[in-house]
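Student: Mind folding the following:
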Amino acid sequence: MSQPTTSSGTDTAPLIKVTDIAYVRFGAPDLQKMADFLNDFGMVEFTRTDTALYMRGTGVDPYVHVTELGEPGFIGPVFQVETEQELKTLASACDLPVERRTEPNGGLVVRLMDPNGFPVEVVQGLTPALPQEDRAIVPSNDAFTKARLNEVKRVGQGSSHVKRLGHCAIGATDYVQSAAWYHRHLGLIKSDEIYIGEKDAVFGAFMRCDRGDMPVDHHTLFIVGTGTPGFNHAAWEVSGIDDLMLGHEVLVEKEHTPVWGVGRHILGSQVFDYWQDPWGNKVEHWTDGDLFSANHEAGLEPVDVLMNTQWGKSAPPEMA
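Tutor: Next comes the predicted model:
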């Protein structure tokens, strides 16, 4: 783990502010094997070429997971901005071109490299897809609110319904350098920093998009100073808790590899369920997470809070 430190270098003005994470790229030697797993996980195929697989959720993003034919592993994250001018601003500041995308649904892209050697893309203008049907959310009758009257609750069966990509988590050689880079280039801001021992021994942070008064996910990117660059996990939002649990049963039945869950995180508050794809990449279903606007102050929490849960088992060693 890299030397903890107190400063994350996120007090400089960002070049742009991304609106969300769009999709993640992986490599794999067998596109059909990846497609079969992701179908069980709750995605559907958008399109494929001889060398790439594009999988979508139920939202308007044309795809939320891309697999390139080749060596297995994580390649990098892709973020999005609203306007072409933002791409031009970023490109000019970094002395890079704004390129026209040749992948499905067009648009423009600026290609960066983060301090850990991960290629990071910022895209704009992808043609949206038509939303697909989600699993219906049947109202619940809890002890305080009785929303379902004269109606039975039947949640159906089948895989979860992935809606969108929510976040990505990476290991960094130097947390401070990485957090500063993602703030400067993408406008990400801190939701919670993590420390070990003394409170000034900060080694990681959950970072979110800055959309002003508009609430956004508690984190879009989690950076942890492991001392070595690496991929930890990527996480997709599903329709709800019933949808997550039904998907869990499908993944168990299909004998995929579980990692951690089901439980409820402390930081971010979401209900989670982690699995491995066929090449060991950790992927997460989540629902019911916290939403913060830009004026919400960042927290500072010990590592035990990160690794424990509100309910469910604590994190296994493979999540570190």
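
Student: Can you list the helices and strands that the one helix or strand Asp243 maps to packs against?
Tutor: Assigned by DSSP states H and E, Asp243 falls within helix 241-253. Under the contact criterion of 3 or more CB pairs under 8 Å, 6 or more residues apart in numbering; DSSP states H and E, helix 241-253 touches helix 31-41, strand 257-265, strand 271-276, strand 282-287. For every residue, glycine as well, the C-beta is placed using N, CA and C.

Student: at 6 Å what do you get?
Tutor: Applying 3 or more CB pairs under 6 Å, 6 or more residues apart in numbering; DSSP states H and E, one finds that helix 241-253 makes contact with strand 271-276, strand 282-287.

Student: nearest to Phe144, of the ones you listed?
Tutor: Among the helices and strands packed on helix 241-253, the nearest to Phe144 by CB to CB is strand 271-276 (19.2 Å).

Student: pLDDT of the helix holding Asp243, averaged?
Tutor: Across helix 241-253, pLDDT averages out at 98.

Student: what pairs with the spatially most central residue of the chain across the strands?
Tutor: By CA atoms, centre = their mean, the chain has its centre lying nearest to His167, at 1.6 Å. Counting by DSSP bridges, His167 forms beta bridges with Ala235.

Student: for the one 5 residues further on, same thing?
Tutor: On DSSP bridges, the residues paired with Ala172 through beta bridges are Gly225.

Student: thought it was touching Gly225?
Tutor: Yes. Under the criterion of CB atoms under 6 Å, Ala172 makes contact with Gly225 at 5.5 Å.

Student: so which helix or strand takes in the residue nearest to Val224 when sequence neighbours are not counted?
Tutor: Excluding its sequence neighbours, the residue lying closest to Val224 (CB to CB, 6 or more residues apart in numbering) is Gly204, at 3.7 Å. Using DSSP H and E, Gly204 falls within strand 202-208.

Student: I'd like the average pLDDT over whichever helix or strand comes after that strand.
Tutor: Following strand 202-208 in sequence order, the next helix or strand is strand 216-217 (DSSP H and E). Strand 216-217 shows a mean pLDDT of 98.

Student: ok, strand 216-217: who's next to it in the sheet?
Tutor: Strand 216-217 has these strand partners (DSSP bridges): strand 291-292 (antiparallel).

Student: The very next helix or strand once past the strand it pairs with packs against which elements?
Tutor: For strand 291-292, the following helix or strand on the C-terminal side (DSSP H and E) is strand 299-302. Contacts defined by 3+ CB pairs under 6 Å, 6+ apart place strand 299-302 against strand 189-195.

Student: Let me see the residues that make contact with the strand it packs on.
Tutor: 201-202, 204-208, 210, 218-219, 267, 298-301, 303, 306 (CB atoms under 6 Å, 6 or more residues apart in numbering).

Student: Please pick the buried ones from the residues you listed.
Tutor: Burial by neighbour count, 16 or more other CB atoms under 10 Å: within the contacts of strand 189-195 this picks out 202, 204-208, 210, 218-219, 267, 298, 303, 306.

Student: Taking those, tell me the two that lie furthest apart.
Tutor: Asp210 and Val303 (25.6 Å).

Student: Below-threshold pLDDT in this protein: ranges please.
Tutor: 1-11 (pLDDT under 70).

Student: how many neighbours does Gly212 have?
Tutor: 10 (other CB atoms under 10 Å).

Student: Val252 now?
Tutor: With other CB under 10 Å as criterion, Val252 counts 11.

Student: Who does Val221 form a beta bridge with?
Tutor: Not quite, residue 221 is Leu, not Val. The partner residues for Leu221, given DSSP bridges, come to Cys168, Met207.

Student: is it true that it touches Met207?
Tutor: Yes. Counting by CB under 6 Å, Leu221 touches Met207, with 4.9 Å between them.

Student: and for the two, which residues touch both?
Tutor: By CB under 6 Å, 6+ apart, the residues touching both Leu221 and Met207 are Leu188.
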